[in-house]
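*Asks:* Pasted the sequence and its predicted model underneath.
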Amino acid sequence: MASLDNAAARSDIVNRLKRAEGQLRGIQRMVEEGETCVKVAQQLSAVRKALDSTYVHLTVCLVQQEVEARLGADAKTQAKLAPIMAEMERLIGRIT
């Protein structure tokens with residue numbers, strides 16, 4: 001099974017998850033303090049979008065890593081892959 005080998009991508013994913021974790025703590029606090037359901041729902045929607053975005057980013061990073069492993073990770077290959085991966089991330093983001 002593949003794991004995310006790129007340290008920068010792994011760090012980015014961890015930072016996104018920590019941000020979402022902080023948002024969830026804020027939502028818990030809102031519920032405990034009796035905030036309105038509409039405000040809680042808005043924040044839940046925001047954290048769901050953040051997690052969806054993180055999932056898409058992780059998926060694209062893993063695909064890129066696997067493609068580079070098979071084609072080589074030289075600068076030429078990476079330059080060709082960058083726009084393709086950006087487009088894939090945009091498209092996958094639209095369907096999640």
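*Replies:* That came through, no problem. Residues are numbered from 1 along each chain as shown.

*Asks:* right, and Gln78 touches Val67 too?
*Replies:* No - the criterion here is C-beta atoms under 8 Å, and Gln78 misses it with Val67 at 10.0 Å. Yep, even glycine has a C-beta here, placed from its N, CA and C like the rest.

*Asks:* so how far is Gln42 from Glu35?
*Replies:* 10 Å (C-beta to C-beta, to the nearest Å).

*Asks:* so where do the helices sit in this structure?
*Replies:* 7-32, 37-71, 75-95 (DSSP state H).

*Asks:* export these to JSON lines and tack on mean neighbour count and mean pLDDT?
*Replies:* Shown next, in JSON lines, are these (neighbours: other C-beta atoms under 10 Å; pLDDT from 0 to 100):
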{"stretch": "helix 7-32", "mean neighbour count": "13", "mean pLDDT": "96"}
{"stretch": "helix 37-71", "mean neighbour count": "15", "mean pLDDT": "94"}
{"stretch": "helix 75-95", "mean neighbour count": "12", "mean pLDDT": "89"}
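
*Asks:* Check the residue of the chain positioned farthest from its centre and give its pLDDT.
*Replies:* Largest separation from the mean C-alpha position in the chain: Gly34, at 30.3 Å (C-alpha atoms, centre = their mean). pLDDT for Gly34: 97.

*Asks:* Now do the contacts for it.
*Replies:* Listed by C-beta atoms under 8 Å, 6 or more residues apart in numbering, the contact set of Gly34 is empty.

*Asks:* Would you report the backbone torsion angles of it?
*Replies:* The phi/psi pair for Gly34 (degrees, to the nearest 10) reads phi 80, psi 30.
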